[in-house]
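> Let me see the structure of the following:
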Amino acid sequence: MNTKPPPPKRVAPHTVAPTTRLLRDSMLHGHQDLYGAIDDEELDDVHGSNGVHNSHLSIHNYEAENSKQHATTRVPFMHRQWYAASRAASQLPAIALVTFYFPVGWRSSSAAAAAIATDDDNISVSEGGFVLDGPFPIAAKEALGIRMFLLSTIIGQLSMTYASNFKNCIALQMVENVPFCQSLAYIVVQHQGYGMEALSTLFFLFGLASLIVGAVFYILGRFEMGKVLYFFPAHVLVGCIGGIGVFIAKTGLEITANASFGIVFIQRIHLLLVVFGFEVGLRVLNHLTKDSSGTSRYPLLSPIYFCLITPIFYLSLWVLGKSTDSAVVDGYFFPPLNDCSEAAGCGGINSFLSPLWTEIWESIPTMVALVLFSLIHVPINIPAFAVSTDVDVDMNKELVAHGWSNGIAGLFGALQCYLAYTQSIIYYKSGGNGRASSLAVASLTSVLFFVGPSIASHIPRCMAGTLLLHCGIDLFLEGVSDSYGKYDYLEYAGIWAITVVMTVFGMESALLTGGATALLTYAVQSVTYLSPIRGSMTAATLRSSEWNRSPAAYDILDADATGRLNIRVIQLQGHLFFANISSLADSLKQIVRSNRPYVVIIDFTLVLGIDSSAAQAIIKLRDKLTHQLGTSLVIFVPGSTSGFPCESNLSEQLTTARNFSGSHVCDDLDTALIYAEDALIAMVDSNIKSCFFNEIKEINSIDDEKKYAIELLLRKCPGESHEVVQKFFSYFSREVYSKGDVVWRQGTKSDSAKLLISGEIISKLENEAGTTETISIGSLIGECSLVQGLNRNSTVTVLLDNTILYSLSSESWDFIKENDLRTAQLLYSIVTWYLTLRVQHVSNRIFETRCLPI
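The predicted structure is shown next:
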């Protein structure tokens, strides 16, 4: 017996439970929607635009399915204020974590710097590239380097807040470009030496390079050339994520030890043990606080843990009786920096009064290389962050956003900036979300611009090391562990190859490796074809094998407003992979926009292979069709009982339909058309029997059985009177079969036609590769052979005990032909009707012209 779950209770706004208890419950259940906005400005966050789990809202009144209603409902003032305050408080750990991530790889001026100062032909850039060591006439060059970083970050963060589709992205100076900045510095110093003029020229070149980078990004986005960047397949992005994870973890350890991997690194193992201890502690806490599904019960655990590392470290020093000065000497803290308080000391960043055009002309090749290198990272970071946060982003808009951010940075002489994947992931996983939170990040970064250098030396190395090590390990596991089983062997091998190459040789080599693996994947998985869409048509002239519907159901299906004309069938072919899935999705959305059908059937029967990028795009396409384009029902047809031709379990992920809405998967096109017809009928009259769910009519007596048999015959004889059909049925005799009985065998003489009343039988072609057809209740079988005097075309076997058939024998048929021509005409009409339906059946008609509808 089918039971329906009770409908959700409606809660009036004034009966909302106390917010503190709800905040506690949301933490206990791991609901991350606490970090999203509930006001009208960010209502899209409630619907999951930021990729955070959105099955339920933390506050019971704000359930996702009723978010629009409650967004416009008048909520008590104190409740709104409390919720706003709690939402702002929940953002603080994320804001603090990301804001305090400024350059931690600096070193102070040293004897080595003084030695370099004696040679006017050299300039040195510290590890991390943020400090210019040399005899420039500026006090606190280290602080200037940090402020260069922070200025670019502030400009990028403000630009991304208003120009990007991401609700939780973090902008950062493009630190990968530091080697090019070093090359520019070499060129300037060789011509101008050290002095304010050289520094002015250098900052002019930095600003000019940012302007050029911004212009290129803006042009690419403005002229909608972002699709070129979609040619990065999913497994290449995942491999890059794994490689970035290794790089970040390695950087965290090197920063902690203040040395690169080597003998000195090993000698400073005492610094690393602190980081390992904090990391193990966090991993253990995360493991112990997971629920049965493997999800953390406390999303704020990690950010709060990171924020507590610094006070815990100071407390440990106090307990151990160790002074801060001795800890600084032992290397537990970053070196102290001089503050850049004099105007002349920091004014060079905005002084473009004396650039020399010779140096600018000589710098053009370096700036061209810088621009090209800048273009490498954005196509990696944006799709990778979109995958990690499950957000459907417009690449063109993101390129325009990068154009604005770099253009503005160039006007201020700042270095290039971009969406930083690592920091964005930390921010996202810490609960950061929304414009207000993003502006808070920019505001606090602005504060750090003035006070950061003075407080930087008070931060222990273990805090930065633990943060980077933890994030790096998570990204590495996301790349090579979580992806296992989601990609085929060739793609997964490519993921490992990209990760290893990036770890050993860097980003550029990894991208070349990714291109090679993508081409290899294409060569193996794809074949030559014209278009992934074979054709598109309505189901107006298509017929399913469900031929025994009631007259009322046929009236609905034949009407223009409610019938098969509202079903759109789209058949795909060939290989679907990363290079054609974007254009395929655009074409499908255009077809749906142009026709506005109630039901869309997408047939994958002729599709030979689907790679992981296409599989993910198909799921997003389903969401687009159902949520944005207003399609009531989307049916996917893999064309096989084994599912879609890909590694992902698409059949399970695409099955969400309830009450004929959402998406559904049917093994073949005929079943899909039956399901679509049932959906159209249910939209008009839900009381009409659904053939798809095989509802069986309750029969309590032989008389009920005979009445039902006459009703089934009436469906096949539209327009005939009940008396004529009842007389025709009087020539039938009742037969009962058991499971395994053979009604007749292929090739035997035809001596009867039979009407199936209850039970189940199957027809099989003996001389073919197991071709079978299940006979539905109400079907009349053997009629064509009986009328034409032919042998049986198939073998019919009984599948269930107590299967009931009514049989019209050849003797009775001969008698009807000789004595009752009016009744005989009924069987002739049924034969013609069946032949017409078979010719118009979807398997014969779909995109073929050899079998036109009759």
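
> which residue packs closest to Gln423, ignoring adjacent ones?
Ile170 (4.1 Å; CB to CB, 6 or more residues apart in numbering). Where C-beta positions appear, they are placed from N, C-alpha and C, glycine not excepted.

> Quick one, grab the pLDDT at the one you found.
Note on Ile170: pLDDT of 87.

> Check the burial of it by counting its neighbours.
30 (other CB atoms under 10 Å).

> for the lengthiest strand in the chain, what is the average pLDDT?
Longest strand in the chain, counting residues (DSSP state E): strand 599-610. In this model, strand 599-610 carries a mean pLDDT of 91.

> now swap in stretch 433-448 and tell me
For stretch 433-448, the per-residue pLDDT averages 83.

> The helix or strand in which Leu755 is found: partners in the sheet, and parallel or antiparallel?
Following DSSP states H and E, one finds Leu755 within strand 752-758. Sheet pairing of strand 752-758 (DSSP bridges) gives strand 780-781 (antiparallel), strand 803-809 (antiparallel).

> Identify the residue spatially nearest to Ser438, adjacent ones excluded.
Thr161 (4.2 Å).

> other SSEs contacting whichever strand or helix holds the one you found?
Assigning secondary structure by DSSP H and E places Thr161 in helix 141-163. Where contact means 3 or more CB pairs under 8 Å, 6 or more residues apart in numbering; DSSP states H and E, helix 141-163 is packed against strand 132-133, strand 171-173, helix 343-346, helix 395-411, strand 417-419, helix 435-455.

> And the ones you listed: which comes nearest Leu285?
helix 435-455 (24.6 Å; CB to CB).

> can you redo the helices and strands packed on helix 141-163 as CSV with mean neighbour count?
Conversion of the helices and strands packed on helix 141-163 to CSV gives the following (neighbours: other CB atoms under 10 Å):
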stretch, mean neighbour count
strand 132-133, 24
strand 171-173, 27
helix 343-346, 14
helix 395-411, 23
strand 417-419, 27
helix 435-455, 18
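
> closest one to Arg297 among the ones you listed?
helix 435-455 (22.7 Å).

> after that closest one, next one along is what?
helix 461-480.

> returning to what we had before: contacts only, for the residue nearest to Gln423.
98, 157, 160, 419-420, 423-424, 426-427, 441 (CB atoms under 8 Å, 6 or more residues apart in numbering).

> farthest pair in the residues you listed?
Going by CB to CB, the pair spanning the contacts of Ile170 furthest: Met160 and Ile426, at 15.5 Å.

> Please identify which of those two sits among more neighbours.
Using other CB under 10 Å as the criterion, Met160 and Ile426 rank with Met160 on top: 27 against 24.

> Identify the residues contacting the residue nearest to the more buried one when sequence neighbours are not counted.
What sits nearest to Met160 in space, not counting adjacent residues and going by CB to CB, 6+ apart, is Ala171, at 4.7 Å. Counting by CB under 8 Å, 6+ apart, Ala171 touches 153, 155-157, 159-160, 405, 417-420.

> try 7 Å this time
153, 156-157, 159-160, 405, 417-420 (CB atoms under 7 Å, 6 or more residues apart in numbering).

> Make sure Ser807 is actually in contact with Ser752.
Yes - counting by CB atoms under 7 Å, Ser807 touches Ser752, with 4.8 Å between them.

> Tell me which of these two has more neighbours.
Ser752 (22 against 17).

> who's in contact with the more buried one?
So Ser752 contacts 782, 786, 807-810 (CB under 7 Å, 6+ apart).

> hang on, the earlier thing: show me the contact partners of the longest strand of the chain.
Against strand 599-610 from outside (CB under 7 Å, 6+ apart): 525, 527, 534, 566-576, 592, 625, 631-639, 644-646, 669, 672, 676, 679-680.

> Among those, name the buried ones.
Listed as buried from the contacts of strand 599-610 are 525, 534, 566-576, 592, 625, 631-639, 644-646, 669, 672, 676, 679-680; burial here means 16 or more other CB atoms under 10 Å.

> Restricted to helices, list the residues you listed.
Residues of the buried ones among the contacts of strand 599-610 located in helices (DSSP state H): 525, 592, 669, 672, 676, 679-680.

> Now do the longest helix along the chain: which elements does it pack against?
Using DSSP H, we find that the single longest helix of the chain is helix 357-389. When contacts are defined as 3 or more CB pairs under 7 Å, 6 or more residues apart in numbering; DSSP states H and E, helix 357-389 sits against helix 178-192, helix 196-222, helix 234-257, helix 395-411, strand 417-419, helix 421-429.

> need these in TSV with distance to Ala615 and mean pLDDT, can you?
Formatted as TSV, these follow (distance: least, CB to CB, whole Å; pLDDT from 0 to 100):
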stretch	distance to Ala615	mean pLDDT
helix 178-192	38	78
helix 196-222	27	87
helix 234-257	9	81
helix 395-411	20	91
strand 417-419	25	90
helix 421-429	23	77
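
> Pick the most buried one from these.
strand 417-419 (a mean of 27; mean count of other CB atoms under 10 Å).

> Paired strands for that strand, with orientation please.
strand 171-173 (antiparallel).

> roughly how far is the strand it pairs with from the heart of the chain?
24 Å (CA atoms, centre = their mean, to the nearest Å).

> who touches stretch 254-263?
By CB under 7 Å, 6+ apart, stretch 254-263 touches 104-105, 265, 268, 271-272, 275, 331, 461-462, 464-465, 468.

> OK, contacts around the residue nearest to Ser438?
Thr161 sits in contact with 435, 438-439, 442, where contact means CB under 7 Å, 6+ apart.

> change it to 6 Å
Contact analysis of Thr161 by CB atoms under 6 Å, 6 or more residues apart in numbering lists 435, 438-439.

> Columns distance to Lys322 on top of the helices and strands packed on helix 357-389, output as a markdown table?
Formatted as a markdown table, these follow (distance: least, CB to CB, whole Å):
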| stretch | distance to Lys322 |
| --- | --- |
| helix 178-192 | 35 |
| helix 196-222 | 41 |
| helix 234-257 | 18 |
| helix 395-411 | 43 |
| strand 417-419 | 40 |
| helix 421-429 | 30 |
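
> Out of those, the one nearest Thr521 is which?
Among the helices and strands packed on helix 357-389, helix 234-257 sits nearest to Thr521 (CB to CB), with 7.4 Å.

> Buried residues, the helix or strand just after that closest one. List them.
Next along the chain after helix 234-257, taking DSSP H and E as the criterion, comes helix 263-267. Judged by neighbour count using 16+ other CB under 10 Å, the buried positions of helix 263-267 are Phe265.

> same thing with stretch 259-275?
259, 265, 271-272, 274-275.

> Kindly report the same for stretch 583-594.
584-585, 587-588, 592.

> Distance from the chain centre to it, please.
That offset, for stretch 583-594, works out to 19 Å (CA atoms, centre = their mean).

> List the contacts of that stretch.
532-533, 536, 617, 621, 629.

> just checking, which of those residues belong to helices?
Using DSSP H, the contacts of stretch 583-594 in helices are 617, 621.

> just the contacts of stretch 583-594 now: which is nearest Gly243?
When those are compared against Gly243 (criterion: CB to CB), the nearest one is Ala617, at 23.7 Å.

> do you know how far the residue lying closest to that closest one once chain neighbours are set aside is from Tyr834?
Setting aside the residues directly before and after it, Ala617 is nearest to Ile581 in space (CB to CB, 6+ apart), at 4.4 Å. As for Ile581, its distance to Tyr834 is 41 Å (criterion: CB to CB, to the nearest Å).
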